[in-house]
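**Q** The following block contains a protein sequence and its predicted model.
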Amino acid sequence: MLLQLENVTRYFGGLAAVKDVSFGIQEGQILGLIGPNGSGKTTCFNLITGLYHPSEGQISFNGEVISKMPPHVIARKGVARSFQISSVFPTLAVIENVVTAHYCRQKSNLITGLLGIAGTRKEEKQVREHSGELLEFVGLGDKAHAEASALTSADQRRLMIAIALATEPKLLMLDEPCAGMTDEEQTAIVALMRKICGDGIPILLVEHHMKIVMEVSNHIVVLDRGEKIAEGQPEEIKNNDAVIEAYLGRSEKERA
Amino acid sequence: MITGNNAKKHFVNVILIVILVVFIFLPKIVTVSYYLHLIVMSLIWFILISGLNVIQGYTGYVSMCQIAFYGIGAYTSGLLMKNLHWGLGQGILAAVGMGLIVGTIIGFPSLRTKGHYFSIVTLAFTMLMFTILRGWSGLTGGIVGFAVRPVSESLFGIPLNTRQGYYYLVLIFAVLTILFVKRMTGSRTGRAIIAVRENENLASSIGVNVFAMKLLAFDISAVLGCIAGALYMHYVNFVSPAGFAAEYAMNTLLAGMVGGVGTLVGPAIGSFIVIFLPEMLRAAALYRQLAFGIVLIIIVFALPHGVVRPLTKLWTWALAKIFRKNNVEEATLASNK
Ligand SMILES: Nc1ncnc2c1ncn2[C@@H]1O[C@H](COP(=O)(O)OP(=O)(O)OP(=O)(O)O)[C@@H](O)[C@H]1O
Ligand SMILES: [Mg+2]
């Protein structure tokens, strides 16, 4: 397993937002993490990325326990994420957002940066080129010089993916990457996720659009009120009574 | 496109060189010694406010203790000269060291707070510093302060105890400051600092140690503040606590806001305004402070991002005209840095 949660619990006050949850993700996988609103999906993301620490249980990445590490250390180990609420560097140009995100893998420091030595200049040039490529990859090539806050929310979600990829992750976690997108935009994101996974970066996906999750995931974990109620192939999940009761049935009704 | 950009770059460089040449010959142009004095003070304040700019403009933490660092730098090099007969260079180096030490000691607890709390904690530090400078009279000379002998060093053969000579010393430090800030903000580390201002959670998710970057930025602001203080000390050869009271923290804040923080030249414009404006308002006699306040309030209200914002727009427009470049957006973003 690349990432493994073992009996992870997190309390907020008296409430267990995540309760005794275990699951793992392997190389080559797109793992869908689904569940009704408030079931603890985003909290799982925050626990994995070190924004919160588990009250009980542990999380390991690449065989190393990461559940007590701060977010920047976990990021450097190769865990990248997008946020549920659009989260970019708002007053910077789109391209600068991606350039900045290369921080994770750059070698230069304040001194070499100040002196502008040859190695640093070369690195800067590579970073700018690579940033341009990433923007093309997520479909923002023509908006490189716009201010990030001026982008539509769909474009900001694309930018978040480019930012995450700029850190050269070993695992990509996407929190509702298709929220607020049109059907065509969603299709583009699905294609993008397939490409990323094909390039060897497994994806942990939180998404409310069931069609997308079922289509793109090869494994699904279902949460309800902080607890894991089911896990399996998309086909199994679709026909799981507990899941239909807690989520699928309800949301189908809601949508109707 | 590429050649157009190159031509633009050359043009900008030429303008920068012209400005530098003007500053080099300024003592020949400005024959009224008092104005040269104000220019020296403005340049010293530019260094001070550039320090504030790093923590406030680029990191997003409004610091109210830049004036305290100014005082610490002044007292550090002043006391070393008075008591241990240290020279100017050693005094400035000591001020740098002191800036690092005090910046770290104050930054460690205060940077754990956010928003207004950080401002209040740093304001409290300024008040504490003032009390120490005034109260520890055995060392600091208390409320009356102390004088030091004029510096004996010279620069390019011009003695530094003359106004002209000192002007060149301060000019060199000002140029080094602007180069430092420019290089720093364009580097990987500078981008991490700006990332903290923009979005702390996102910054940490791309591997930025948010607290370390805040501390680094605060230390840089402290060091620049202390250098400015040491330069001030050996310019006027006298120091007393009065100039470092909490009310002057407002002046540093104003210089930043009026000029525009988060930009390279904003602090320069703000410093010149804050130093020159009270002099131009001399005619208002008794009401000078009032007039000063009103003018600043008007500027801050009319231009919430500082004087530099419309100037940048004008500059971008002019460049676009000259080079017939349609991509104004790109130029705006480039010159915002
Ligand atoms: N920092 C926090 N402090 C207190 N409670 C929290 C905190 N973060 C999350 N919670 C609570 O934990 C529960 C799970 O929230 P979470 O955001 O993980 O749900 P989610 O599955 O992502 O929901 P959604 O589909 O709406 O995004 C909610 O009841 C929420 O109120
Ligand atoms: Mg959520």
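**A** Happy to help now that I have it. Numbering: from 1, shown residues only, chains lettered A, B, ... in the order given. Ligands and ions are numbered 1, 2, ... in the order given.
**Q** rest of the way, CA atoms for contacts and neighbours
**A** OK.
**Q** which residues of the chain fall in strands?
**A** In the absence of a named chain, this looks at chain A. Ranges of strands in chain A, per DSSP state E, are A:3-12, A:15-25, A:30-34, A:56-61, A:64-65, A:79-81, A:171-175, A:203-206, A:219-224, A:227-232.
**Q** try chain B instead
**A** According to DSSP E, the strands that chain B contains are B:146-147, B:154-155, B:158-159, B:238-239.
**Q** Excluding sequence neighbours, find me the nearest residue to the residue in the stretch 201-337 of chain B that chain A sits nearest to.
**A** Checking the stretch 201-337 of chain B residue by residue against chain A with CA to the nearest CA singles out B:G207 as nearest, at 4.0 Å. Spatially, and ignoring its direct neighbours in sequence, B:G207 is nearest to A:H72 (4.0 Å; CA to CA, 6 or more residues apart in numbering or on different chains).
**Q** I'd assumed B:V208 was in contact with the one you found.
**A** Yes: in this structure A:H72 lies within contact range of B:V208 using CA atoms under 8 Å: 5.4 Å.
**Q** between the two, who's got more neighbours?
**A** Using other CA atoms under 10 Å in any protein chain shown, the more surrounded residue of A:H72 and B:V208 is B:V208, with 28 against 23.
**Q** List the contacts of the more buried one.
**A** B:V208 makes contact with A:72, A:103-104, B:192, according to CA atoms under 8 Å, 6 or more residues apart in numbering or on different chains.
**Q** now these: which count as buried?
**A** Among those, those classed as buried by neighbour count (16 or more other CA atoms under 10 Å in any protein chain shown) are A:72, A:103-104, B:192.
**Q** Out of these, which sit inside helices?
**A** With helices defined by DSSP state H, the entries of the buried ones among the contacts of B:V208 inside them are A:72, B:192.
**Q** Quick one, which of the buried ones among the contacts of B:V208 has the minimum pLDDT?
**A** Across the buried ones among the contacts of B:V208, the bottom pLDDT score, 87, is held by A:C104.
**Q** Which residues of the stretch 1-150 of chain A lie near ligand 1?
**A** Near ligand 1, the residues belonging to the stretch 1-150 of chain A are A:12, A:17, A:36-43 when assessed by CA under 6 Å from any ligand atom.
**Q** And these, which two are furthest apart?
**A** Greatest spatial distance among those (CA to CA): A:F12 and A:P36, at 18.5 Å.
**Q** quick one, which of the two is more surrounded?
**A** A:P36 (18 against 9).
**Q** wait, the more buried one sits on A:D224?
**A** Yes: under the criterion of CA under 8 Å, A:P36 is in contact with A:D224, at a separation of 6.5 Å.
**Q** From A:S131, how far off is B:E200?
**A** With distances taken as CA to CA, to the nearest Å, B:E200 is found 21 Å from A:S131.
**Q** Those two - which one has more neighbours?
**A** Under the neighbour definition other CA under 10 Å, B:E200 and A:S131 were set side by side, and A:S131 has more, 27 against 18.
**Q** Mutual contacts of A:P36 and A:D224, please.
**A** The overlap between the contact sets of A:P36 and A:D224 (CA under 8 Å, 6+ apart) consists of A:A246.
**Q** which residues does the residue in chain A that chain B sits nearest to contact?
**A** With CA to the nearest CA, the shortest gap between chain A and chain B falls at A:H72, namely 4.0 Å. When the contact criterion is CA under 8 Å, 6+ apart, the partners of A:H72 are B:204-209.
**Q** For B:S205, see how far away the nearest residue to A:E176 once chain neighbours are set aside is.
**A** Residue nearest to A:E176 in three dimensions, not counting chain neighbours: A:E207, with 4.5 Å by CA to CA, 6+ apart. Note on A:E207: its distance to B:S205, by CA to CA, is 20 Å.
**Q** more crowded one of those two?
**A** The neighbour count for A:E207 versus B:S205, taken as other CA under 10 Å, is higher for B:S205 (30 against 21).
**Q** pretty sure that one contacts A:G78?
**A** No: taking contacts as CA under 8 Å, B:S205 lies outside contact range of A:G78: 10.2 Å.
**Q** Quick one: low-confidence residue ranges for the chain.
**A** Went with chain A since none was named. Residue ranges of chain A with pLDDT under 70: A:248-256.
**Q** should've been chain B
**A** Per-residue confidence of chain B (counting by pLDDT under 70) places the weak regions at B:1-5, B:284-285, B:324-337.
**Q** near chain A, which residues of it?
**A** Within chain B, the positions lying close to chain A (CA under 8 Å from any CA of the partner chain) are B:180, B:183-184, B:187-192, B:195, B:198-199, B:202, B:204-209, B:329-330, B:333.
**Q** Narrow these to just the buried residues.
**A** Taking 16+ other CA under 10 Å as the criterion, what is buried in these is B:183-184, B:187-192, B:195, B:198-199, B:202, B:204-209, B:330, B:333.
**Q** ok, now how distant is the nearest residue to B:I120 once chain neighbours are set aside from A:L192?
**A** Sequence neighbours aside, B:M64 is the residue nearest to B:I120 in space, at 7.4 Å (criterion: CA to CA, 6+ apart). For B:M64, the distance to A:L192 (CA to CA) stands at 47 Å.
**Q** And these two? Which one has more around it.
**A** When B:M64 and A:L192 are compared for neighbours, B:M64 comes out ahead with 27 against 17, by other CA under 10 Å.
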